[in-house]
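> Turn this into a structure:
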Amino acid sequence: MKGDANDPKALIFEAYQIEGITKPECRTIFLDWALSLPMEQDTGQTLRLLIAQYVGDNPEHPMNDVMNEGLAGMATPRRRGGWRSRSRN
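Presented below is the predicted three-dimensional model:
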């Protein structure tokens, strides 16, 4: 099955069709989905659209948590570098 611009490989769609899918399996699918998006695509906006599309009809699905965690992780900037970046002057 071919997806759309928000889900090119229809991975998120298929995840919601799998009965008894677990959260770790959803994380694997989510990672594959994220890697399948074009670099220029706004992943945060795309994720918000997918959440709006799927969460309301599937309130207990584990993919809901995974997508919300992904969105929250994008909003929290992480410090890059370490001792090497601080020691270069």
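> count of neighbours near E25?
E25 is flanked by 15 other residues according to other CB atoms under 10 Å. For the C-beta atoms, the positions are set from N, CA and C on the backbone; glycine is no exception.
> Now do the SS call for it.
Recorded secondary structure, E25: helix (DSSP: H, G, I helix; E, B strand; the rest coil).
> For R48, see how far away it is.
Counting by CB to CB, to the nearest Å, the separation of E25 from R48 is 23 Å.
> Equivalent analysis for K2, please.
Separation of K2 from R48 (CB to CB) stands at 22 Å.
> of these two, who's got more company?
R48 (14 against 7).
> Which residue comes closest to G3 once chain neighbours are left out?
Counting by CB to CB, 6 or more residues apart in numbering, the nearest residue to G3 once its immediate chain neighbours are dropped is A10, at 3.6 Å.
> again, but for M63
C26 is the one closest to M63 (CB to CB, 6+ apart), at 4.5 Å.
> show me what contacts that neighbour?
Residues near C26 by CB atoms under 8 Å, 6 or more residues apart in numbering: A15, P62, M63, D65, V66.
> wait, doesn't the first one sit right on M67?
The one in question is A15. No. Between A15 and M67 there is no contact under CB atoms under 8 Å: 9.7 Å.
> which SS class is I12?
Going by three-state DSSP: I12 is helix.
> Surely it and W33 touch.
Yes. Between I12 and W33 a contact is recorded at 5.7 Å, counting by CB under 8 Å.
> follow-up on the earlier one: between A15 and M67, what contacts are shared?
F30.
> show me where pLDDT drops low in this structure?
Applying pLDDT under 70 to the chain picks out residues 1, 75-89.
> try 80
For the chain, the stretches flagged by pLDDT under 80 are 1, 74-89.
> So for M74, what's the nearest residue that isn't a sequence neighbour?
For M74, ignoring the flanking residues on the chain, the nearest one in space by CB to CB, 6+ apart is G44 at 5.1 Å.
> just to revisit the earlier point, quick one: which of I12 and W33 has more around it?
Under the neighbour definition other CB under 10 Å, I12 and W33 were set side by side, and W33 has more, 28 against 24.
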